[in-house]
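Participant: no sequence for this one, just the structure:
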Ligand SMILES: *Cc1c(COP(=O)(O)O)cnc(C)c1O
């Protein structure tokens with residue numbers, strides 16, 4: 001496959017090889033990123049790119065669906081099994097689209113939704129004002145307790161009682177603690193709202209039994225497939241049987257045209273991988289790694305939002321280091337540690353240069369790193385933080401990172417680049 005690409009478009013081939021090298025020689029700490037397996041990538045880059053299959057298995061608007069129907073059915077059935085869901089829709093193009101589609105399955109424009117505010121770790125599509133979800137719906141946003149950095153279910157309930165949302169969204173993109181999904185469902189029930197959980201970040205942990213599942217509690221659950229779940233870039237909506245027709249209709253024809261069957265093929269492969277004991281071990285190790293990394297960072301004098309982590313993610317509050325997130329994330333990137341700057345609860349700084357740094361352990365865990373490697377990563381982070389403007393130190397760390405990464409090859413087992 002790549003040798004053909006190399007001949008037909010050497011420019012793109014070379015850029016892809018550069019990206020692969022970058023991924024291979026750096027420590028990826030962005031908690032939403034991961035490395036899909038070679039099998040997932042092969043399924044995703046297949047003949048299914050050539051298909052149009054609007055509709056659902058058995059109810060298509062195009063002929064020639066002898067194989068697509070089987071693949072989509074396999075993806076659906078495996079999703080239901082992995083997550084214990086009544087129904088699965090595997091067609092949404094991405095997590096953002098899945099969220100908007102899920103909302104439209106239940107409410108009308110102008111109705112009220114309630115989600116976690118973006119600066120407190122919510123996603124844009126949980127009703128933030130610049131997102132279509134904040135413009136087409138009336139949006140009420142809950143925040144975290146500014147002292148504990150945690151969800152305060154009593155305050156969320158008070159806000160829900162005042163505002164009577166039709167949908168309450170649980171889930172986050174930057175929250176290091178276990179979320180009590182039952183508490184959200186209880187609140188939703190008391191105010192007559194639908195509870196939609198967006199488990200995008202933690203789907204892999206849930207599939208592997210390393211985080212409680214929202215599926216028994218929420219009316220519908222949205223997720224991406226490419227984060228801790230380690231599939232191709234895509235999305236799914238799981239729901240109770242009573243909502244199946246509404247959800248399917250909201251995705252197609254409500255939101256999208258033809259499903260991306262190549263992605264759905266990759267999702268089917270990823271979900272089969274997620275059903276294995278190895279995957280459960282990976283999910284457990286993600287949390288062990290995050291806890292160890294958090295502990296080491298605390299020992300180095302870093303402040304962590306909520307004091308630590310119970311999942312895959314750590315949010316560093318840099319205020320005691322007298323530094324903003326962008327400066328550190330850029331210095332870390334030069335040293336080969338890839339992270340992202342992030343707001344912290346009640347952030348006194350501006351969102352485009354906030355006071356926090358967000359890191360996570362799914363990608364490094366996929367590469368086979370364990371607790372002792374977390375100690376080394378914490379040491380790298382600490383050294384760069386203490387020498388954020390010293391390019392000699394940063395260059396030295398960069399060399400050490402390349403060496404360190406060599407022992408943990410990417411899971412894609414690509415043959416060496418042909419150069
Ligand atoms: C990543 C993420 C999304 C969006 O997914 P895309 O595929 O980037 O559109 C939605 N919700 C949460 C919680 C996320 O973390």
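Facilitator: Cool, got the structure. Source: prediction; values computed, not measured. Numbering: from 1, shown residues only.
Participant: Please settle this for me: is residue 223 part of a strand?
Facilitator: Yes: counting by DSSP: H, G, I helix; E, B strand; the rest coil, residue 223 is part of a strand.
Participant: Identify the residues contacting it.
Facilitator: Residue 223 is in contact with 95, 98, 198, 199, 200, 203, 229, 235, 236, 237, 238, counting by C-beta atoms under 8 Å, 6 or more residues apart in numbering. For glycine as for every other residue, the C-beta is placed from the backbone atoms N, C-alpha and C.
Participant: repeat that with 7 Å
Facilitator: Going by C-beta atoms under 7 Å, 6 or more residues apart in numbering, residue 223 touches 95, 199, 200, 203, 229, 235, 236.
Participant: The fourth one and residue 229 touch, don't they?
Facilitator: I take that to be residue 203. Yes: contact criterion C-beta atoms under 7 Å: residue 203 and residue 229 qualify, at 4.2 Å.
Participant: near the ligand, which residues of the stretch 201-350 of the chain show up?
Facilitator: Near the ligand, the residues belonging to the stretch 201-350 of the chain are 201, 224, 235 when assessed by C-beta under 6 Å from any ligand atom.
Participant: Using TSV, please lay out those residues together with neighbour count, pLDDT and distance to residue 350.
Facilitator: TSV is the format used below for those (neighbours: other C-beta atoms under 10 Å; pLDDT from 0 to 100; distance: C-beta to C-beta, whole Å):
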residue	neighbour count	pLDDT	distance to residue 350
201	28	98	24
224	24	98	27
235	28	98	30
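Participant: partners of the residue in the stretch 251-400 of the chain that the ligand sits nearest to in the sheet?
Facilitator: When scored by C-beta to the nearest ligand atom, the stretch 251-400 of the chain has residue 313 as its residue closest to the ligand, at 10.1 Å. Applying DSSP bridges to residue 313 gives these bridge partners: residue 360.
Participant: Give me the pLDDT for it.
Facilitator: Here, the pLDDT recorded for residue 313 equals 98.
Participant: count of neighbours near it?
Facilitator: 29 (other C-beta atoms under 10 Å).
Participant: how much space between it and residue 234?
Facilitator: The spacing between residue 313 and residue 234, counted by C-beta to C-beta, to the nearest Å, is 21 Å.
Participant: Over to residue 177?
Facilitator: Taking C-beta to C-beta, one finds residue 177 at 27 Å from residue 234.
Participant: before we move on, what about residue 4?
Facilitator: On the measure of C-beta to C-beta, residue 4 and residue 234 end up 25 Å apart.
Participant: how much space between residue 274 and residue 56?
Facilitator: 22 Å.
Participant: Please say which of those two ends up with more neighbours.
Facilitator: residue 274 (27 against 18).
Participant: picking up where we left off before, between residue 177 and residue 234, which is the more surrounded one?
Facilitator: Set residue 177 next to residue 234 and count neighbours by other C-beta under 10 Å: residue 234 wins out with 28 against 20.
Participant: What values do phi and psi take at the more buried one?
Facilitator: Per-residue torsions, residue 234: phi -170, psi -160 (degrees, to the nearest 10).
Participant: residues contacting it?
Facilitator: Residues counted as contacts of residue 234 (C-beta under 7 Å, 6+ apart) are 94, 225, 226, 260, 263, 267.
Participant: Now those in CSV, please, with extra columns for neighbour count.
Facilitator: Below are those laid out as CSV (neighbours: other C-beta atoms under 10 Å):
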residue, neighbour count
94, 17
225, 31
226, 26
260, 23
263, 26
267, 33
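Participant: Now, those that are in helices?
Facilitator: Under the assignment DSSP state H, the contacts of residue 234 contribute 263, 267 to helices.
Participant: Now that residue 271 has come up, it's in contact with residue 82, right?
Facilitator: Yes: in this structure residue 271 lies within contact range of residue 82 using C-beta under 7 Å: 5.4 Å.
Participant: higher neighbour count, the two?
Facilitator: residue 271 (28 against 23).
Participant: that older thread, quick one: contacts for the residue of the stretch 251-400 of the chain closest to the ligand?
Facilitator: Residues in contact with residue 313 (C-beta under 7 Å, 6+ apart) are 31, 174, 176, 201, 290, 358, 360.
Participant: Can you select the buried ones from the residues you listed in PyMOL?
Facilitator: Command for PyMOL, covering only those of the contacts of residue 313 found buried under the criterion 16 or more other C-beta atoms under 10 Å:
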select buried, resi 31+174+176+201+290+358+360
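Participant: Mark which of the contacts of residue 313 are part of strands, please.
Facilitator: 358, 360 (DSSP state E).
Participant: could the contacts of residue 313 go into JSON lines alongside distance to residue 369?
Facilitator: Below are the contacts of residue 313 laid out as JSON lines (distance: C-beta to C-beta, whole Å):
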{"residue": "31", "distance to residue 369": "15"}
{"residue": "174", "distance to residue 369": "22"}
{"residue": "176", "distance to residue 369": "19"}
{"residue": "201", "distance to residue 369": "19"}
{"residue": "290", "distance to residue 369": "12"}
{"residue": "358", "distance to residue 369": "18"}
{"residue": "360", "distance to residue 369": "13"}
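Participant: Point me to the residue of the stretch 1-150 of the chain nearest the ligand.
Facilitator: residue 95 (2.4 Å).
Participant: can you pull up the bridge partners for the closest residue to that residue other than its chain neighbours?
Facilitator: If the residues on either side of it in the chain are set aside, residue 95 comes closest to residue 224, at 3.9 Å by C-beta to C-beta, 6 or more residues apart in numbering. Taking DSSP bridges as the rule, residue 224 bridges to residue 235.
Participant: Just to check, residue 224 is in contact with residue 200?
Facilitator: Yes: look at residue 224 against residue 200 with C-beta under 7 Å: they come within range, at 4.2 Å.
Participant: Now for those two: what residues contact both?
Facilitator: With C-beta under 7 Å, 6+ apart, residue 224 and residue 200 have common neighbours residue 95.
Participant: all strands for the stretch 1-150 of the chain, in order.
Facilitator: Per DSSP state E, counting those that start in this stretch, the stretch 1-150 of the chain carries strands over the ranges 27-28, 55-56, 59-60, 87-89, 112-116, 138-142.
Participant: packing partners for the first one?
Facilitator: Contacting strand 27-28 under the criterion 3 or more C-beta pairs under 7 Å, 6 or more residues apart in numbering; DSSP states H and E are the following elements: strand 337-338, helix 362-366.
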